[in-house]
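Peer 1: Could you look at this predicted model? Sequence included:
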Protein chains: 2
Amino acid sequence: MVSHTVPLEGEFSLSDLPGGAGRLDVACRAANDAFLVSHGIRKEVALHLVVGDQITISLWGLRLRRLNPDERSTGALFREALRAGRDLPVGEERPSTPGITVRRIGLAGLLDDLRTAGSAPVVLDEGGDPLRTEPIPEQPAFILSDHQNFTPAEHTLLAGLPRVSVGPRVLQGHQCITLVHNELDLREAG
Amino acid sequence: MVSHTVPLEGEFSLSDLPGGAGRLDVACRAANDAFLVSHGIRKEVALHLVVGDQITISLWGLRLRRLNPDERSTGALFREALRAGRDLPVGEERPSTPGITVRRIGLAGLLDDLRTAGSAPVVLDEGGDPLRTEPIPEQPAFILSDHQNFTPAEHTLLAGLPRVSVGPRVLQGHQCITLVHNELDLREAG
């Protein structure tokens, strides 16, 4: 998920996620729906939050701890990661809370890393092909934006990638994540 | 949505929705996904939250105001409604904030009201028939539980109703709402 308005320094109150934290609530809901099912966690998932095209916070399902469903506690995890990423040299990585790491890379660096790790990027886009009937790569990495549209620079980076749409209405990011998971769950179950 | 642990008196801090507010965060996410799409609201929807089988808080899409995506501000709307419902006589209704009313009825009373209004209840249940292939009534009222299972008394009230399942994994309530909306959106779009 590409985040455009979260303050990089991690200086905000957890009681004002939509305001002072620059709509960090959007990313918190994305984390809930990326990982949490009823009374369980999807261990095979990773979520990367690109903040201000400078810092990427990564949550790794296999090692992730302390992720609760509510926005406020997830906001605290993201805040801790942002603070852990201060003064981090370009390209370097630092651990935050268990299962969360932070790197000083933007969207271009993340796309490089994903491809190196064997993932195939797919853009979630209202103008894309219908999710239910599209072929999905073996190891997909779905790219989506927060409450704002991709910037022109981001569009350039994402040009030429396959695009899928979840349905006829333009939905919130976390809702798209839920719909993608459900589609993959159903395909896996046959 | 049937809520089992939210304190009826509405005495809790908005900074502790999962704790002192008895998992009110579950209902807040349900409200988000029942009504909010990206930059818009589903006006044709109503959400009824049955609290402690005594109070039903109803959100009406057509008249609803002040619903924001984040949990904390939605928690404030629910808290205001719970407080408006104090000392409310059995069966009576009282307005809270714009587009939100509160009645002193439980699940049985709500089911009666829904049927009187022409709605056909459908239970969201992991053991139900697959959502994607099931016929859905013209004016459906989907019934789901919060983070806890339906009680035996609730099961009795819901016995004999059609049941649908969203997929092979047991999901959180708000995720089920997103999946049901998407299915209805796709059917409507043909």
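Peer 2: That came through fine.

Peer 1: Chain A: strands as residue ranges?
Peer 2: In chain A, strands defined by DSSP state E lie at A:2-3, A:36-37, A:40-41, A:46-51, A:55-60, A:93-95, A:100-103, A:120-130, A:140-143, A:163-165, listed in chain order.

Peer 1: now for the last one, which elements pack on it?
Peer 2: It refers to strand A:163-165. With contacts defined as 3 or more C-beta pairs under 8 Å, 6 or more residues apart in numbering or on different chains; DSSP states H and E, the packing partners of strand A:163-165 are strand A:120-130. Yep, even glycine has a C-beta here, placed from its N, CA and C like the rest.

Peer 1: Give me the sheet partners of the strand it packs on and which way each runs.
Peer 2: Paired neighbours of strand A:120-130 in the sheet (DSSP bridges): strand A:140-143 (parallel), strand A:163-165 (parallel).

Peer 1: Do me a favour and average the pLDDT over it.
Peer 2: In this model, strand A:120-130 has an average pLDDT of 97.

Peer 1: my read: residue A:47 touches residue A:29, true?
Peer 2: No - between residue A:47 and residue A:29 there is no contact, the gap being 11.4 Å when judged by C-beta atoms under 8 Å.

Peer 1: Between these two, point out the one with more neighbours.
Peer 2: More neighbours surround residue A:29 than the other of residue A:47 and residue A:29, with 26 against 21 (other C-beta atoms under 10 Å in any protein chain shown).

Peer 1: What about the spatially closest residue to the more buried one that is not a sequence neighbour, how many residues nearby?
Peer 2: Leaving aside its chain neighbours, residue A:29 sits nearest to residue A:174 (3.7 Å; criterion: C-beta to C-beta, 6 or more residues apart in numbering or on different chains). When counting by other C-beta under 10 Å, one arrives at 27 neighbours for residue A:174.

Peer 1: now residue A:12
Peer 2: 18.

Peer 1: Return the residues of chain A in contact with chain B.
Peer 2: A:14-15, A:17-18, A:25-26, A:29, A:32-33, A:36-40, A:68-73, A:132, A:147, A:166-172, A:175, A:178-179, A:182, A:185-186, A:188-189 (C-beta under 8 Å from any C-beta of the partner chain).

Peer 1: change it to 6 Å
Peer 2: A:15, A:17-18, A:25, A:37-38, A:70-71, A:167-172, A:175, A:178-179, A:182, A:185-186, A:189 (C-beta under 6 Å from any C-beta of the partner chain).

Peer 1: Show the buried residues in those.
Peer 2: Neighbour-count burial (16 or more other C-beta atoms under 10 Å in any protein chain shown) is assigned, among those, to A:17-18, A:25, A:70-71, A:167, A:169, A:171-172, A:175, A:178-179, A:182, A:185-186.

Peer 1: just the strands of chain A: most buried one?
Peer 2: strand A:2-3 (a mean of 25; mean count of other C-beta atoms under 10 Å in any protein chain shown).

Peer 1: other SSEs contacting that one?
Peer 2: In terms of contacts (3 or more C-beta pairs under 6 Å, 6 or more residues apart in numbering or on different chains; DSSP states H and E), strand A:2-3 is packed against strand A:46-51.

Peer 1: quick revisit: what's the closest of the strands paired with strand A:120-130 to residue B:99?
Peer 2: strand A:163-165 (30.2 Å; C-beta to C-beta).

Peer 1: Now do the helices in chain A.
Peer 2: A:24-35, A:71-84, A:107-116, A:152-158, A:173-189 (DSSP state H).

Peer 1: And the average pLDDT for the fourth one is what?
Peer 2: Summarised as a single mean, pLDDT over helix A:152-158 is 98.

Peer 1: ditto for the second one
Peer 2: Taken as a whole, helix A:71-84 carries a mean pLDDT of 98.

Peer 1: Show me which positions of that helix end up buried.
Peer 2: A:71, A:72, A:73, A:74, A:75, A:77, A:78, A:79, A:80, A:81, A:82, A:84.

Peer 1: Could you do the shortest one as well?
Peer 2: The neighbour-count criterion (16+ other C-beta under 10 Å) identifies A:154, A:157, A:158 as the buried residues of helix A:152-158.

Peer 1: again, but for the third one
Peer 2: Using 16+ other C-beta under 10 Å as the burial criterion, the residues of helix A:107-116 that qualify are A:107, A:109, A:110, A:111, A:113, A:114.

Peer 1: Tell me the confidence at the third one?
Peer 2: Read it as residue A:110. For residue A:110, pLDDT reads 98.

Peer 1: swap in the one 4 residues further on?
Peer 2: Per-residue confidence at residue A:114 stands at 98 (pLDDT).

Peer 1: same question, residue A:103
Peer 2: Taking residue A:103 on its own, its pLDDT is 98.

Peer 1: got a list of what residue A:45 touches?
Peer 2: When contacts are counted by C-beta atoms under 6 Å, 6 or more residues apart in numbering or on different chains, residue A:45 touches A:34, A:35, A:61.

Peer 1: let's see 10 Å
Peer 2: Contact analysis of residue A:45 by C-beta atoms under 10 Å, 6 or more residues apart in numbering or on different chains lists A:34, A:35, A:59, A:60, A:61, A:62, A:64, A:177, A:181.
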